[in-house]
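>>> below is the sequence, then the predicted model.
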Amino acid sequence: AGCTPPAHSLSSDYFERQRRTTAIAIYTMGVYGGVFVGYLVGALIAEAYGWRAAFYAVGAPGVALAVLVKMTLREPPRGFSEGAAVATAPPPVRQALGALMANATFRRLALAAALHSFVGYGVNGFHPSFLIRSHGLSVAQAGVVLSIVSALSGVGGTWFGGYLADRLSNRRGDVRWQLWVPGVATLLNAPIALLAYTLADTDVVIAMLFVSLMFGVMYLGPTFATMQRLVGPRERALGSALLLLVVNLVGLGLGPSLVGVTSDLINEIFLADGLDAQIAKAQGLRWALI
């Protein structure tokens, strides 16, 4: 959370607009690669040496990387990618925030990203329970399957979303492709997600989840690259921080809670109708995800 806004600003200074979305998407890929490594390495070390050792093992590389970044990463002047070094002091925070909130494009971008993350955070956290309840996987099986699916779809979808948005925007000379790409990906994702939650064949469901997750993360690079276009070089980190605040308050704050409450309510309805408790719980979560 503390790293990402400055990283977006730094990437924008290194990469011009024609390549910026791809650069930010590649940075964001690290989330899914890191989650995969963390789950895999953490699980193996926890099993052999205990959970405390697992925390040390997955945390220590970050300390070493921080030293490497401090020694090797050079911070360019603000505005470097635009060919104009900006040496002036940043505007007051209140002034910068006021300008952002008055920007209609930012308000709509923040709303769209918040709603997208609301669905993403809401359903992704319950995928293990869904596979366990509806398809009979064990906890270990669900963990292994979803770690691989999430890593591959997350890395691939994030990069492809950024690359495609840059390519179409540059080739067609129309910056609106930066948001049309995630818009089309979201439309394509809806029927695929519906199939993932309703089909009976477990292998097909896992394949549908893979495709759905890939489409679901394609918005990340274009969204934050568009954010960088809306502000000056000295407000880029603040802009990303504000967008992340909105996304996480709505998405992470409300999404999982709503799915959980909805699942419990539907479960009670099925139980009242005399359905078996285990089946009712599975059906409750399935309909909540839908």
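Perfect, thanks for sending it.
>>> against L289, how distant is I266?
Taken as Cβ to Cβ, to the nearest Å, the spacing of I266 relative to L289 amounts to 11 Å. C-beta: built from backbone N, CA, C; applies to glycine.
>>> these two - which one has more neighbours?
Neighbour count, other Cβ atoms under 10 Å: between I266 and L289, L289 has more, with 23 against 18.
>>> phi first, then psi, for the more buried one.
Here is the backbone geometry of L289 (degrees, to the nearest 10): phi -70, psi -40.
>>> so who does it touch?
Applying Cβ atoms under 8 Å, 6 or more residues apart in numbering to L289 gives the contacts V123, F126, F130, Y197, V259.
>>> swap the cut-off to 10 Å and go again
L289 makes contact with 119, 122-124, 126-127, 129-130, 134, 193-194, 196-198, 259, 262-263 under the criterion Cβ atoms under 10 Å, 6 or more residues apart in numbering.
>>> same check on E16?
Listed by Cβ under 10 Å, 6+ apart, the contact set of E16 reads A23, F80, S81, E82, G83.
>>> which stretches of the chain aren't confidently modelled?
84-88 (pLDDT under 70).
>>> pick out the residue closest to the middle of the protein.
Note on the chain: the residue nearest the mean C-alpha position is V217, at 5.6 Å, using Cα atoms, centre = their mean.
>>> for M227, see how far away that one is.
V217 sits 16 Å away from M227, taking Cβ to Cβ as the criterion.
>>> ok, back up a step: name the element the nearest residue to the residue nearest to the centre of the chain once chain neighbours are set aside belongs to?
Leaving out its chain neighbours, the residue that sits closest to V217 by Cβ to Cβ, 6 or more residues apart in numbering is G157, at 4.3 Å. Here G157, judged by DSSP states H and E, is contained in helix 139-172.
>>> give me the helices and strands touching that helix, please.
helix 17-49, helix 104-124, helix 127-135, helix 177-198, helix 202-216, helix 220-229 (3 or more Cβ pairs under 10 Å, 6 or more residues apart in numbering; DSSP states H and E).
>>> many thanks, I have nothing further to ask.
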